[in-house]
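# Let's see this in three dimensions:
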Amino acid sequence: MGTNRYIRFDWAAKYMLRNKADFAIFEGLISVLVGEKVTIVELLESESNKVNKDDKFNRVDIKAKNSKGQIILVEIQQSRELDYLQRVLYGVAKTITEHINTGDDYVEVKKIYSINILYFDLGEGADYLYHGQTVLTGVHTKDTLRLTDHERDDLHVVAPSDVFPEYYVIRVNEFDKLAVSPLEEWLQYLKDEYIKPDTKVPGLMEARERLEYLRMTPEERRDYDNYLDNLVRDTDVMKTKLLEARIEGEKQGRAEGLEKGRAEGRAEGLEKGRAEGIVSVARNMKQSGMPHNQIAQMTGLSLQEIAKL
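Numbers count the residues shown, from 1 in each chain. Below you'll find the predicted structure:
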């Protein structure tokens, strides 16, 4: 695939691409996704990015405002979160309230685009890109609610879709196609850090110049290499612990099930064994100093259950 090595987009978005000169990279990705030219006016600081580079569990947030005054949220998430969809909804709602002042007319509420780039498996599906929005459909007539001419003139929008948030979920790990379209070229970069030498895709042309590994300073390369090492190591650790818990649980379950000699006993024993194995892993995670919310995301235990361990 060529000899040039490019920096992962999550790292670059969090630690490098913060200047106006770099907006073209974000604009390219967003424009390819939404199917229209997007111009970013400014990047709005997100709280989750105000941490040190050793916080390997931290997500990356990009909050941008386009030339229409609409807010674009781009979130890049590495580790699994069981309540991720709820957090996406909360993030959109919070952003809406943050960008309207008390006393303003509701006409000032701006549309939100929520773009989620995920490196973990969310749900089940055959596609790597999902897109959705709230649509008001007649329960009996099945028609779509439209605005009147007066409402369109008064609200300065054509349809409810111009107001309601729009959601994109990119399941990076599910992409396995030969990159032909601009969107597929972006997915190839997000998954494999590969950019075609002759690419003409918006954003990727700029990324080729800005995000080449050898263009980094020695300090940036050191931080970046440490990040990659930690990412691989901790992903393997989590997978190993969960696998060990599953195996341990199945062994305990079989033993208990065999003692009872009944199918019901085996099923109950397997379930109990799995639960005990997960509790054991969670206790080890807690003793190692891992944040409780991360333990909950990895094991499925509640914060109250983890606090009692």
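
# was I right about E206 contacting G28?
Yes: between E206 and G28 there is a contact under C-beta atoms under 8 Å: 6.9 Å. Every C-beta, even on glycine, is put in place using the N, C-alpha and C of the backbone.

# Now do the one helix or strand L89 maps to: distance to the chain's middle.
Per DSSP states H and E: L89 is located in helix 84-98. Taking C-alpha atoms, centre = their mean, to the nearest Å, the mean C-alpha location of helix 84-98 is offset from the chain mean by 13 Å.

# now swap in stretch 15-28 and tell me
For stretch 15-28, the distance to the chain centre is 19 Å (C-alpha atoms, centre = their mean).

# Send me that stretch as PDB with only the CA atoms.
What follows is stretch 15-28, C-alpha atoms only, in PDB (Å, rounded to 0.1, in the frame of the first residue of the first chain):
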ATOM      1  CA  TYR A  15      -3.400  16.800  19.700                       C
ATOM      2  CA  MET A  16      -2.500  18.400  16.300                       C
ATOM      3  CA  LEU A  17      -5.300  19.700  14.200                       C
ATOM      4  CA  ARG A  18      -6.400  22.700  16.300                       C
ATOM      5  CA  ASN A  19      -5.500  25.600  14.000                       C
ATOM      6  CA  LYS A  20      -7.600  27.200  11.300                       C
ATOM      7  CA  ALA A  21      -5.100  26.100   8.700                       C
ATOM      8  CA  ASP A  22      -6.100  22.400   9.500                       C
ATOM      9  CA  PHE A  23      -9.800  22.900   9.200                       C
ATOM     10  CA  ALA A  24      -9.800  21.700   5.600                       C
ATOM     11  CA  ILE A  25      -9.100  18.100   6.900                       C
ATOM     12  CA  PHE A  26     -12.200  18.200   9.100                       C
ATOM     13  CA  GLU A  27     -14.200  19.900   6.400                       C
ATOM     14  CA  GLY A  28     -13.300  17.200   3.900                       C
END
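
# Show me which positions of it end up buried.
Buried residues in stretch 15-28, defined by neighbour count with 16 or more other C-beta atoms under 10 Å: Y15, M16, L17, D22, F23, A24, I25, F26, E27, G28.

# among these, which are in helices?
Judged by DSSP state H, the buried residues of stretch 15-28 include Y15, F23, A24, I25, F26, E27, G28 as members of helices.

# Give the partner strands of the host helix or strand of I115 in its sheet and their orientations.
Here I115 sits within strand 112-118, counting by DSSP H and E. For strand 112-118, the pairing partners within the sheet under DSSP bridges are strand 71-77 (parallel), strand 166-171 (parallel).

# For A282, which of those is the nearest?
A282 sits nearest to strand 71-77 of all the strands paired with strand 112-118, at 21.1 Å, using C-beta to C-beta.

# Residues contacting that closest one, please?
Outside strand 71-77, the residues that touch it by C-beta atoms under 8 Å, 6 or more residues apart in numbering are 9-10, 13-14, 26, 29-30, 38, 40, 44, 59-66, 84, 88, 91-92, 95, 99, 110-120.

# before we move on, what about stretch 22-35?
Outside stretch 22-35, the residues within contact range by C-beta under 8 Å, 6+ apart are 12-13, 16-17, 37-40, 43, 62, 64, 72, 74, 113, 115, 166, 168, 182-183, 186, 201-207, 210-211.

# One more pass at 7 Å, please.
Applying C-beta atoms under 7 Å, 6 or more residues apart in numbering, the set of residues contacting stretch 22-35 from outside is 17, 37-40, 62, 64, 72, 113, 115, 168, 182-183, 186, 201-204, 206-207, 210.

# How are the strands of this structure distributed by residue range?
Secondary structure of the chain (DSSP state E): strands at 40-44, 60-66, 71-77, 112-118, 129-133, 166-171.

# May I see those strands arranged in a markdown table, with mean pLDDT, distance to T217 and mean neighbour count as well?
Listed next are the strands of the chain as a markdown table, based on pLDDT from 0 to 100; distance: least, C-beta to C-beta, whole Å; neighbours: other C-beta atoms under 10 Å:
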| stretch | mean pLDDT | distance to T217 | mean neighbour count |
| --- | --- | --- | --- |
| strand 40-44 | 78 | 22 | 16 |
| strand 60-66 | 79 | 20 | 20 |
| strand 71-77 | 88 | 23 | 22 |
| strand 112-118 | 93 | 26 | 21 |
| strand 129-133 | 94 | 34 | 13 |
| strand 166-171 | 94 | 30 | 21 |
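
# now the ones you listed in CSV, with distance to E151?
CSV is the format used below for the strands of the chain (distance: least, C-beta to C-beta, whole Å):
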stretch, distance to E151
strand 40-44, 28
strand 60-66, 24
strand 71-77, 23
strand 112-118, 21
strand 129-133, 19
strand 166-171, 20
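
# looking at the chain, which helix or strand is least sure?
helix 263-287 (a mean of 70; mean pLDDT, DSSP states H and E).
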